[in-house]
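Visitor: Sharing a model that was predicted from the sequence below.
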Amino acid sequence: MSWQRVFGHQRQQEMFANAVRRERLGHAYLFAGPQGVGKKLFALELAQTLLCEQSDSTQFEACGDCSGCRQVLSSTHPDLMQVSLPEGKTELPIDLFVGAADKRGREGLCHELSLSPMHGGHRIAIIDDAEKMNIASGNSLLKTLEEPGPGAVLILLAIDPDQVIQTIRSRCQSVFFGTLEPADITGILHQQGIAANEALIEQAVQRSGGSVGKAIRWLQQSEEQGNIDTDVLAKIFCRGRFRAEELARVGEAILGQYKSDPGSQREAAKSIVENCLSWLHQAITKSEVNVIQQDAWADAMEQCFEAILQIDRRATVTTVLDAFYHDLEINLRPTWN
């Protein structure tokens, strides 16, 4: 049975089910939303449903047993293509879309999508990291978006839709995926057999910000020093004065562990901001701050989201964190007077 792996996003599932039943499935979609909320998993479940040899429009559910389903699950289906940011690259190269220079137009994603489906009625492409397309790769995709092949369905995945090239974005139907509920994140962690006690899982869910990816990352880093201890956060955000200098000191110590590994340092920086976001959210939820403080702390949460977004956009980690510490202090210090 399909869709059992997908937690949350019921509205999006119903939207696609209705589109299939009414034979109004579009040819290009942009799935946008925070990292780690299940956009790619949803895209793969949708692909499996559309490519299932036993499914029909009234069911909108894959059988999970036919050849089509097994091939999707093993990433070997000839009518399902996937591209994502190559390791070590900062942009999606044009070769992924139109082939290498000596084979332009004869291979690559655009060529594959121009062909008729080999099995069933659809030819599906999932483009991860869509905001990483440069002008050349974006332009190469325009013709496919404007003149899709028979049964072609393109699904672009992006964290920040505003970073997707406008000419590409305007030719796709946008579908936004919000954060997951705590119960959904807990269910996913259990489903994946995450080896952690319930108390640790509860902490991971609280600090996840609605992202199962962040919850998993927190659990993976919990034995290292990528997270800020709760007691330390209590001192930093204690009643009486927000201690920006203490937060900066703790952050510097954490980043210092990853000087030779920029990728891990970037993830550690996100973890620092996510820890602060989780603390602020819990304080507001538990009514631990007064009305005046609630407004300031809500603004501080927005500053957390902005810092995470800047880190995802590959801004310099130390610059982002320095500005983050300063902005928090400016925003929160007046609430203690």
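Guide: Here it is on my side, so go on.

Visitor: who does the least confident helix or strand in the chain by mean pLDDT touch, helix- and strand-wise?
Guide: Least confident helix or strand of the chain, by mean pLDDT, DSSP states H and E, is helix 230-236 with a mean of 75. Contacting helix 230-236 under the criterion 3 or more C-beta pairs under 8 Å, 6 or more residues apart in numbering; DSSP states H and E are the following elements: helix 244-255, helix 262-285. C-beta coordinates here come from the backbone N, C-alpha and C atoms, glycine included.

Visitor: how about low-confidence regions in the chain?
Guide: 1-2, 57, 195-197, 221-227, 229-230, 239-241, 286-293, 333-337 (pLDDT under 70).

Visitor: Domain boundaries for it, per the record?
Guide: According to automatic domain parsing, the chain is divided into the following domains: 10-176, 224-336.

Visitor: Distance from the longest one to the middle of the chain?
Guide: When C-alpha coordinates are averaged (C-alpha atoms, centre = their mean, to the nearest Å), domain 10-176 and its chain have centres 16 Å apart.

Visitor: and what of the shortest one?
Guide: In terms of C-alpha atoms, centre = their mean, the centre of domain 224-336 is found 20 Å from the chain centre.

Visitor: coming back round to it: with mean neighbour count added, can I get the domains of the chain in a markdown table?
Guide: Formatted as a markdown table, the entries for these read as follows, by neighbours: other C-beta atoms under 10 Å:
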| stretch | mean neighbour count |
| --- | --- |
| domain 10-176 | 18 |
| domain 224-336 | 17 |
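
Visitor: Can you tell me which of the ones you listed is nearest to residue 201?
Guide: Shortest distance between residue 201 and the domains of the chain, using C-beta to C-beta, is found for domain 224-336: 14.2 Å.

Visitor: circling back: hmm, who's touching the least confident helix or strand of the chain?
Guide: Under the criterion C-beta atoms under 8 Å, 6 or more residues apart in numbering, residues 203, 228, 242-243, 246-247, 250, 275-276, 279 lie in contact with helix 230-236.

Visitor: How about the secondary structure of residue 82?
Guide: strand (DSSP: H, G, I helix; E, B strand; the rest coil).

Visitor: All further residue positions should be reported with the first residue as 45.
Guide: Okay, residue one is now 45; in that scheme the one you just asked about reads as residue 126.

Visitor: Chain neighbours aside, what residue packs nearest to it?
Guide: Excluding its sequence neighbours, the residue lying closest to residue 126 (C-beta to C-beta, 6 or more residues apart in numbering) is residue 170, at 4.7 Å.

Visitor: quick one, what contacts the one you found?
Guide: Contacts of residue 170 were listed using C-beta under 8 Å, 6+ apart, and they are 84, 87-88, 91, 124-127, 199, 201.

Visitor: go with 6 Å
Guide: For residue 170, the set of contacting residues under the criterion of C-beta atoms under 6 Å, 6 or more residues apart in numbering consists of 87, 126, 199.
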